[in-house]
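Enquirer: quick one: sequence and predicted model below, then my questions.
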Amino acid sequence: MTESKFTKIKKRDGRIADWDQGQITDAISKALTATGKNEELAEGLSDKVVLILNERLIGKIPEVEQIQDIVEEILQKEELGEVAHNYHEYRRKRTEIREAKWWLLNYSVQTKLSPNALKVLESRYLNKNDEGKIVETPQQLFKRVAQNIASAEKIYKPYLTDEEIFQMEEKFYHMMASLEFLPNSPTLMNAGNPLQQLSACFVLEIPDSMSGIFDAVKYGAIIHQSGGGTGYSFSRLRPKGDIVKSTKGIASGPISFMTVFDAATQTIKQGGKRRGANMGILRVDHPDILEFITVKAEEGILANFNISVAITDEFMKKARKEEDYDLINPKNGQVWGQLNAKKVFDLIVHYAWQTGDPGMIFIDRINEHNPTPRLGEIESTNPCGEVPLLPYESCNLGSINLNKILKEKNDGKWEIDWQKFRKTVFNATHFLDNVVEVNRYPLPQIEEMTKGNRKIGVGVMGFADMLIRLGIPYNSNDALETAEKVMKFIQEESKKVSAKLAEEKGAFPNFKGSIYDKEGSPKLRNATTTTIAPTGTIGIIAGCSTGIEPLFTVAFTRKHVLGGQELAEVNPIFEEIAKKRGFYSKELIEKISGEPSIKDFEEIPKDVRQIFVTAFDISPEDHVRIQAVFQKYCDNAVSKTINFLFEASEDDVRKTYFLAFDLGCKGVTVFRTGSRQQQVLNIKPKGQAEITVAGKEKISEQEVSPDLRDPSPQVVLVNLPPGDCPTCNI
């Protein structure tokens, strides 16, 4: 057997598999046997194929089609024309059968994409050639992803026939092409492509050593380059002013190192398609907590970070009692000093009210629900906060479009199609578990931890759209009841699927000692199965409202698109109803565009105004209650922004934080409209003066780095709701 220069080959579905010359030999042997030739010639012919591959594809991964072309070439050279002809015909017939099946599938599934969805797909998702020309359609994208993810079945079931694999591909294709379910963006972008990095969410550890810190910088750069976002806890780093024994110098503290991570992120555009994003977390009992809380007071500082304070249960109790609490030096566990808990809490509230940062995560509650406590404590989350992860863990997310699991009754009203919903949850859970298997991880530590726990996150998008179809106001008890039914159903059904997959393929390796390791309980394939992600751009692709958020407004303006133009956009369900009931006009759309609410527009029927409530019609308490209901049935956490009008007070924010804690949320993020310069969804201000932050004028757009104004200047960008981060949204 000739020595090959290759260790991998690329399958038709894009999957990278181990090199195996024996498969080439077997294929040639079958062709020889079919034509009555001596099958012992196969090995020598196979060696000649490898020699040509070695010469022509230096430094490349050979594709199956390339190998088969060379097999035909060798057979012709060796005057085995009949064998070459039969081999070619076999290939042609298989190709025709495959293409015929996909043609029928494409014909049966209609993918309806909005102009904005097409812009997003063209700019970030569809494959391009070396000249930058788009070379695949949206349907071909879904086909590429479906084939790649379905190929995981052969890892555990190598005996499956092509027809059985196609049936799996068909299920996955159908739910994506019909926009019933979409995975997180790296899966859509990279599945079946050479990068094959499919995860959006990662957490890295930052140990209290110079080498460890800069290892984390390097690892973060690798992750960002591969298309992921990173979460970091800086809580292990010794405080500013502490003595460094090895050098007798003075420690600069965690905030100084955050600027290093920020600068590294700024230079890397994720996977060539998007800029990196980070979550930075510091425990509330870290001695440098005050500097951390105020670090983003000036817009543009740590622009590649969302930041959150890790709040303990003890701190919340003492904040209510206005008592002091201890600051702990993480290096040695010694008390460094004390602060008044209420004053620190109020400082967090003030800067969150003023700038949107920091958020809060309730770290004790997160660890109370840590599914694998024997592996250690969770210290951080992904950039948008919806996935608490252990160091070196990643998670793969996907969201069900709730607007697509409804059915219209004979009387014109809508209801949930529970049978279709169950089928979609089953396929989505199976899909994401397969992603874990075919994913190519950026670091070996991440592969080991991720495959050890196999965390996935089935979530939802289009919740606001679903409520509108059902005739339910977002800020109502009926909405809370609907949210509970929906999320409880997903949690229960996804666990059933995970148990079934565990029977077929085995439980997640770290199952022993996990919270599920109880007598009489079924084994599970996945340590987590549910997450609520923000779904910014996959929501645009699906043409639905984002995550579990209410409508931001009924009509709004997208800024910073198409070279600086402003595009008006109207909710498609509102437009549909307005036209159907005869009150639609361009003048009305222009009139309501950018308005925070339509409740006072009497030219719109009252019953329509009642269901088209916006983020600004909804009290902070109702926002939090919706988040808490979803959290009740969610393994990981819930990404949700509590929106406030510009006129909201700090006390409104303060009450929101306490309510989120009391109702069992794992974190909370607030955003007061107008509190940031770079706000991409805009409403009309009401007597709003220019905002100042920490006594400084806001940075003008001209002063903001061009990379921040437009992370990909060569493409059209459809921007995202304020307060959302780039990684989880795309």
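Expert: That came in fine, so what should we check first? What you see is a predicted model, and the numbers here were worked out from it, not measured in a lab.
Enquirer: so how far is residue 312 from the residue nearest to residue 337 when sequence neighbours are not counted?
Expert: Distance criterion C-beta to C-beta, 6 or more residues apart in numbering; nearest residue to residue 337, sequence neighbours excluded, is residue 327 at 4.8 Å. (C-beta placed from N, C-alpha, C; glycine too.) As defined by C-beta to C-beta, to the nearest Å, residue 327 lies at a distance of 12 Å from residue 312.
Enquirer: same check, this time on residue 613
Expert: According to C-beta to C-beta, residue 613 stands 35 Å off from residue 312.
Enquirer: over to residue 156?
Expert: The gap separating residue 156 from residue 312 is 42 Å, by C-beta to C-beta.
Enquirer: so for these two, which sits in the more crowded spot?
Expert: For residue 156 and residue 312, the more surrounded residue by other C-beta atoms under 10 Å is residue 312, and the numbers stand at 17 against 13.
Enquirer: wait, that one sits on residue 289?
Expert: No - taking contacts as C-beta atoms under 8 Å, residue 312 lies outside contact range of residue 289: 11.6 Å.
Enquirer: contact partners for residue 381?
Expert: For residue 381, the contacting residues are 203, 231, 279, 281, 308, 361, 366, 387, 388, 389, 637, 667, taking C-beta atoms under 8 Å, 6 or more residues apart in numbering as the criterion.
Enquirer: the closest residue to the fifth one other than its chain neighbours: neighbouring residues, count only.
Expert: The reference is to residue 308. Of all residues beyond its chain neighbours, the one nearest residue 308 is residue 359 (4.1 Å), with distances taken as C-beta to C-beta, 6+ apart. Here the neighbour count serves as a burial measure; for residue 359 (other C-beta under 10 Å) it reads 26.
Enquirer: and residue 359, how far is that from residue 129?
Expert: Using C-beta to C-beta, residue 359 is found at 41 Å from residue 129.
Enquirer: stretch 403-418 - what's its average pLDDT?
Expert: Along stretch 403-418, the predicted local confidence has a mean pLDDT of 95.
Enquirer: look up the closest residue to residue 217, ignoring the ones flanking it.
Expert: In space, residue 217 comes closest to residue 264 once its chain neighbours are excluded; the distance is 5.3 Å by C-beta to C-beta, 6+ apart.
Enquirer: the one you found reaches residue 214, doesn't it?
Expert: No - at 9.7 Å, residue 264 does not count as touching residue 214 under the criterion of C-beta under 8 Å.
Enquirer: okay, those two: which has more neighbours?
Expert: Under the neighbour definition other C-beta under 10 Å, residue 264 and residue 214 were set side by side, and residue 264 has more, 19 against 14.
Enquirer: if I look at the more buried one, how far off is residue 389?
Expert: The spacing between residue 264 and residue 389, counted by C-beta to C-beta, is 20 Å.
Enquirer: looking at the helix or strand harbouring residue 261 now, give me its mean pLDDT.
Expert: Following DSSP states H and E, one finds residue 261 within helix 254-266. For helix 254-266, mean pLDDT rounds to 94.
Enquirer: so for it, what gets flagged as buried?
Expert: By 16 or more other C-beta atoms under 10 Å, the buried positions in helix 254-266 come out as 254, 255, 257, 258, 261, 262, 264, 265.
Enquirer: tabulate these (CSV), appending distance to residue 112.
Expert: Below are those laid out as CSV (distance: C-beta to C-beta, whole Å):
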residue, distance to residue 112
254, 48
255, 48
257, 48
258, 44
261, 41
262, 40
264, 41
265, 36
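Enquirer: quick one, domains of this protein?
Expert: 1-108, 392-437+447-542 (automatic domain parsing).
Enquirer: tell me which of those lies nearest to residue 250.
Expert: Minimum separation from residue 250 across the domains of the chain (C-beta to C-beta) falls at domain 392-437+447-542, 30.4 Å.
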